[in-house]
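Peer 1: need coordinates for the following:
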Amino acid sequence: MELERNPGRFAILVGSDAAQVARDLADLRGTVPLQVGRCLAEIACRPSESVVRMKLRGHPVLAGIHVLFDPVLSLEPVRLLATLAKEHPPVLAVWPVPIAGRDELTYPSGVDPGRGIAQDLKGCLLLTARSTLFSDEVPFTAERFR
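Peer 2: Numbering: from 1, shown residues only. All right, here's what the predicted structure looks like:
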């Protein structure tokens, strides 16, 4: 897989069928998508970034990542994904809101992206889920962030 050969690069999955595509891709790796919100809810106190990374480490498909945007956690989700992808590739995350356009991430309302986001996305993949008619069709289109 391309993401394993290029540590630091990760994939963002968007689209109305993103949850199903995430399940299918996780199944190909013999796992299920990690529900990030549920995983972090198990922690009794506010976790540091290193604790969040530890909890997410080794899970190739991440869903329910909207919790990473909570200002209480003080995280930079894109940078966190890039770090996870460097330490334990591959990383694919189901993005919590629709994307405005190619090479531009849309953030949940009230969230201001941090500095250096474009650099963290360079070379990463944007996978847009799409409907298919036949089982042998790829259920997404792929573009690379520039």
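
Peer 1: hey, let's count contacts and neighbours off CA atoms from now on
Peer 2: Noted.

Peer 1: tell me which residue is most central in the protein.
Peer 2: residue 93 (1.8 Å; Cα atoms, centre = their mean).

Peer 1: residue 25 and residue 126: what is the separation?
Peer 2: Distance, residue 25 to residue 126, by Cα to Cα, to the nearest Å: 14 Å.

Peer 1: doesn't residue 56 make contact with residue 80?
Peer 2: No: look at residue 80 against residue 56 with Cα atoms under 8 Å: they stay out of range, at 9.9 Å.

Peer 1: dump the C-alpha coordinates for stretch 16-31 into PDB.
Peer 2: Extracted C-alpha coordinates of stretch 16-31, given in PDB (Å, rounded to 0.1, in the frame of the first residue of the first chain):
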ATOM      1  CA  SER A  16     -21.800  10.000   1.900                       C
ATOM      2  CA  ASP A  17     -20.600   6.400   1.700                       C
ATOM      3  CA  ALA A  18     -17.400   7.000   3.600                       C
ATOM      4  CA  ALA A  19     -18.400   4.900   6.600                       C
ATOM      5  CA  GLN A  20     -19.000   1.900   4.500                       C
ATOM      6  CA  VAL A  21     -15.800   2.300   2.500                       C
ATOM      7  CA  ALA A  22     -13.900   2.700   5.700                       C
ATOM      8  CA  ARG A  23     -15.400  -0.600   7.000                       C
ATOM      9  CA  ASP A  24     -14.500  -2.300   3.700                       C
ATOM     10  CA  LEU A  25     -10.900  -1.000   3.700                       C
ATOM     11  CA  ALA A  26     -10.500  -2.000   7.400                       C
ATOM     12  CA  ASP A  27     -11.800  -5.400   6.600                       C
ATOM     13  CA  LEU A  28      -9.100  -5.800   3.900                       C
ATOM     14  CA  ARG A  29      -6.500  -5.300   6.600                       C
ATOM     15  CA  GLY A  30      -8.300  -7.700   9.000                       C
ATOM     16  CA  THR A  31      -9.500  -5.000  11.400                       C
END
